[in-house]
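Q: model this:
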Amino acid sequence: MNPPALPRLVVHVAVSLDGRTNSSPPDASGFPADIGLFYELADSWREDATLAGCDTLLAATPDEAKPLDPLPARDLNLPLLVVPDSRARMKHWQYWLSQPFWRGAVALCSRRTPAAYLAELAALGVETIIAGEEHVDYRLALVELRANHGVEVVRVDSGGALIGALLRSGLVDEVSVLAHPFLCGSAPELFFLPTRQRASPGGHLTGATSRRSAMQRHRLAPLRRRALEARPARACPYGPTSGSELVTDDAHLC
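A: As a prediction, the model looks like this:
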């Protein structure tokens, strides 16, 4: 009997030369990522769902987050926003639902997720997938995303912790790295695999293909470049100063 079909899972991540993934102002501990190019490249996958870490969204939520008024019309061709949140940490779902980048939202929860929070999500129109006992079982969640939501391609928009968890689970099909010419220092040896959780050599990339994205557009492959230039640039979902919010999360614990 064949195992349940999974959607294609793509990791697209911006990193410094020494492996740090958190973009931030040059005087801080991260690096100034090229957010415009990052999302221009990201748009080429045409994902059906964006898997964003819970901490990524929490860090990007404004202090006084308010939903857009009026709410944007829902484009059913947009991807779903998928967030692992078994610990009921997301408090601004309405704000994120009002953003014009997604057609709706799905929270990945576990059996430990409080019933009151599940009821709150239902009232807000956020669909839920219960997968796992203590924490989210990403394999089961991805199976349900494909079977019940028609998701064929998932792009991960998150930090090293969630990316590492997905890689170690053997769920990643493709890795795209947008390398930036910066050295940050004090970074893990590998952006997706903290030293304390290092897998056996080579094991973390089993079954995944890799793609290296150049920093400057003129260095992209000609066909890829023409495809990108033929479409309007995609805005960053996390706001104009969102570099530091792209990647700081421990969502693998959710």
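
Q: so, low pLDDT: which residues of the stretch 151-254 of the chain?
A: 186-236, 238-254 (pLDDT under 70).

Q: 90 instead, please
A: Low-confidence segments of the stretch 151-254 of the chain (pLDDT under 90): 158-165, 168, 177, 179-254.

Q: and the helix or strand that contains Ser176, what's buried?
A: Here Ser176 sits within strand 174-180, counting by DSSP states H and E. Buried residues in strand 174-180, counted by 16 or more other CB atoms under 10 Å: Glu174, Val175, Ser176, Val177, Leu178, His180. In this view, the C-beta of every residue, glycine as well, is placed from N, C-alpha and C.

Q: what of stretch 91-104?
A: His92, Trp93, Tyr95, Trp96, Leu97, Ser98, Gln99, Phe101, Trp102, Gly104.

Q: strands paired with the strand holding Ser176, and their directions?
A: In the sheet, strand 174-180 lines up against strand 8-16 (parallel), strand 209-213 (parallel) (DSSP bridges).

Q: could you point out which element follows the lengthiest helix in the chain?
A: Counting by DSSP state H, the longest helix found in the chain is helix 138-149. Reading on from helix 138-149 to the C-terminus, the next helix or strand found by DSSP H and E is strand 153-157.

Q: identify the residues contacting that next one?
A: 7-13, 42, 45-53, 56, 79, 82, 142, 145, 162-163, 166, 172, 237, 246 (CB atoms under 8 Å, 6 or more residues apart in numbering).

Q: could you check the angle that strand makes with strand 174-180?
A: If you take axes from the mean of the first three to the mean of the last three CA atoms, to 10 degrees, strand 153-157 sits at 30 degrees to strand 174-180.

Q: show me where the chain has strands.
A: Ranges of strands in the chain, per DSSP state E, are 8-16, 49-52, 80-84, 104-109, 127-130, 153-157, 174-180, 209-213.

Q: will you turn the ones you listed into a markdown table that also has distance to Leu37?
A: Formatted as a markdown table, the strands of the chain follow (distance: least, CB to CB, whole Å):
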| stretch | distance to Leu37 |
| --- | --- |
| strand 8-16 | 9 |
| strand 49-52 | 18 |
| strand 80-84 | 22 |
| strand 104-109 | 26 |
| strand 127-130 | 32 |
| strand 153-157 | 15 |
| strand 174-180 | 7 |
| strand 209-213 | 8 |
